[in-house]
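Asks: From the sequence below, what's the structure:
(chains A, B, C and D)
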2 protein chains.
Amino acid sequence: MITSDALCSHDKRMSCGNCRLNTICLPISLHIDEIDHLDNIVQRRKPLQKGEYLYRANDVFHSVYAIRSGAVKSINMSEAGEEQITGFHLPGEVVGLDGLANNIYTNSVIALETASVCEIPFNRLEDLSLKIPSLQHYFFQLMSREITQEQQVIRLLGKSDAETRIASLLLSISARNGRRNLATHQFLLPMSRTDIANFLGLTIETVSRVFTRLQKNNVITVNKKEIAIVDINSLRNIAQGQN
Amino acid sequence: MITSDALCSHDKRMSCGNCRLNTICLPISLHIDEIDHLDNIVQRRKPLQKGEYLYRANDVFHSVYAIRSGAVKSINMSEAGEEQITGFHLPGEVVGLDGLANNIYTNSVIALETASVCEIPFNRLEDLSLKIPSLQHYFFQLMSREITQEQQVIRLLGKSDAETRIASLLLSISARNGRRNLATHQFLLPMSRTDIANFLGLTIETVSRVFTRLQKNNVITVNKKEIAIVDINSLRNIAQGQN
DNA sequence: CGCTGAATTGACTACCCTCAACATGAGTGG
DNA sequence: CCACTCATGTTGAGGGTAGTCAATTCAGCG
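Replies: So this is what the prediction gives:
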């Protein structure tokens, strides 16, 4: 359900079948005609600019979205108006699953940098899922994965100190880069310090201090948004709270 | 998918159709024969005793479970062995959705008190969902609701102080009692202080202190596990961080 | 060149944790 | 019936991690 990274929208080769993200986004074996069905309902949209909304909380739910390039954050707002980032989403990952419950989105999704997405109208996906059992199964799995990932975030916020939270986030991004065959030991953070702090339940000052401390201890190097993991074992130990 | 609270297992009237929890557990209109199909796959199990496991992390996933009576907690364990309670589940609510992602449960679920559950084998539910579109839709919604609820927990843990966390938990339990037509202003907590502390990312001492403080300020009264909400408006304000 | 926003660093503060003592109540056995 | 233990919960004193407030640096940009 994700096409190649080529942004040229009249490229006839754009399809889920030949998308190089499809092992992440669509890791099930579908027959060729089934993939065609899927391609028919998937819509490629014009790229989002940094800061632009993909959808807003309380918008009527119609679609889920697969991130094709770039990165986005999803934000949950309390009645009191406090914003909490509930997740960062990288290429191959799907957002919008919060919208089904009450037919309106509960989160807002905002581009962290220029990002392109594939839109998947959900009622058409549901119809197709009734005909393709493996597709139904895949979407149940996809939602379950979202649940288990969020439970890990809950554990992170409930049990860990600042260093552990930062280390876990870095390892998470590293691993997700690895799935896309990108470098795992060196990468650019797509989000600001403010976003990291918000997501991890910390202040930007604390995030900054932890980065400098990890750098002083030769665990990582930090240069603005550029991160290099120097000592992955130390970083893993810190992420597990064994520091 | 939930029967009456009667525990007598040879009661012929036990069925999803006449279960008095079905407006919570199964809030969709199914035809009579569709409910029969569902009844045929739902299995009523013998009650769990307090402390007993419904399933354990890493068990092979076969079923999801609807809580019929009592209460359970679901626990997520880190590699380092730290346990985090990710949720409390009351009658009418469904657990086990974490198991689909990798075909093993990632959490353990333990009874907080004597509890009975309805077991729903998932492969049979999937088959049935292919034939009953509204059932497929309902389960997508159910999983989405789990996702949005967990996002609220993430916000709670990321942004709130101890009083706000406790107040939110009390209001959540109160509201869920209301859905079952139980008293909302007075109820018994099914879980220990240790469980509350673990879930909210606090220590038992802090939980205890907040309870006494809320009592001194005439917001609630506390007597062991018996809670009465005295001033719901204050409690709501505290839950929203306006204290 | 100054302005603005993001990030870093320092000094101080506060909230919650840690450690410890004590209270309460259920269950057990003499 | 009482003494005992054990689990659970409450309360107090002190300390530490992260928050708050503030100053500074730096990059991007009109």
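Asks: Can you name every helix or strand that the helix of greatest length in chain A contacts?
Replies: Among the segments of chain A that qualify as a helix by DSSP state H, the longest is helix A:133-159. Counting contacts by 3 or more CB pairs under 8 Å, 6 or more residues apart in numbering or on different chains; DSSP states H and E, helix A:133-159 is packed against strand A:83-89, helix A:122-131, helix A:162-179, strand B:72-77, strand B:83-89, helix B:122-131, helix B:133-159, helix B:193-200. (Glycine included, C-beta is placed from N, CA and C.)
Asks: partner strands of the fourth one, parallel or antiparallel?
Replies: Strands that pair with strand B:72-77, judged by DSSP bridges, come out as strand B:83-89 (antiparallel), strand B:107-111 (antiparallel).
Asks: mind listing what the most centrally placed residue in chain A touches?
Replies: For chain A, the residue lying nearest the average C-alpha position, counting by CA atoms, centre = their mean, turns out to be residue A:89 (1.5 Å). By CB atoms under 8 Å, 6 or more residues apart in numbering or on different chains, the contact set of residue A:89 is A:67, A:71-74, A:95, A:109.
Asks: Repeat that for residue A:239.
Replies: So residue A:239 contacts A:164, A:167-168, A:171 (CB under 8 Å, 6+ apart).
Asks: out of those residues, which one sits closest to residue B:33?
Replies: In terms of CB to CB, no member of the contacts of residue A:239 lies closer to residue B:33 than residue A:168, at 49.5 Å.
Asks: doesn't residue B:128 make contact with residue A:133?
Replies: No. Residue A:133 lies out of contact with residue B:128 (CB atoms under 8 Å); the separation is 11.7 Å.
Asks: Neighbour count: the two, which is higher?
Replies: Neighbour comparison, residue A:133 and residue B:128: the larger count goes to residue B:128, with 18 against 13 (by other CB atoms under 10 Å in any protein chain shown).
Asks: Can you give me the pLDDT of the more buried one?
Replies: Model confidence at residue B:128, given as pLDDT, is 94.
Asks: Who are the contact partners of the residue lying closest to residue A:125 once chain neighbours are set aside?
Replies: Take residue A:125 and drop its neighbours on the chain: the residue closest to it by CB to CB, 6 or more residues apart in numbering or on different chains is residue A:41, 6.6 Å away. Under the criterion of CB under 8 Å, 6+ apart, the neighbours of residue A:41 are A:120-121, A:124-125, A:128.
Asks: Neighbour-wise, which one of these leads?
Replies: Ranked by neighbours (other CB under 10 Å), those are led by residue A:120, which has 22 neighbours.
Asks: Which secondary structure state does residue A:181 sit in?
Replies: Secondary structure of residue A:181, reduced to three states by DSSP: H, G, I helix; E, B strand; the rest coil: coil.
Asks: how many neighbours does the residue lying closest to residue A:220 once chain neighbours are set aside have?
Replies: Counting by CB to CB, 6+ apart, the nearest residue to residue A:220 once its immediate chain neighbours are dropped is residue A:214, at 4.9 Å. Neighbour count of residue A:214, defined by other CB under 10 Å: 24.
Asks: buried stuff in the helix or strand hosting residue A:214?
Replies: Applying DSSP states H and E as the criterion places residue A:214 in helix A:204-216. The neighbour-count check on helix A:204-216 (16 or more other CB atoms under 10 Å in any protein chain shown) flags A:206-207, A:210-211, A:214-215 as buried.
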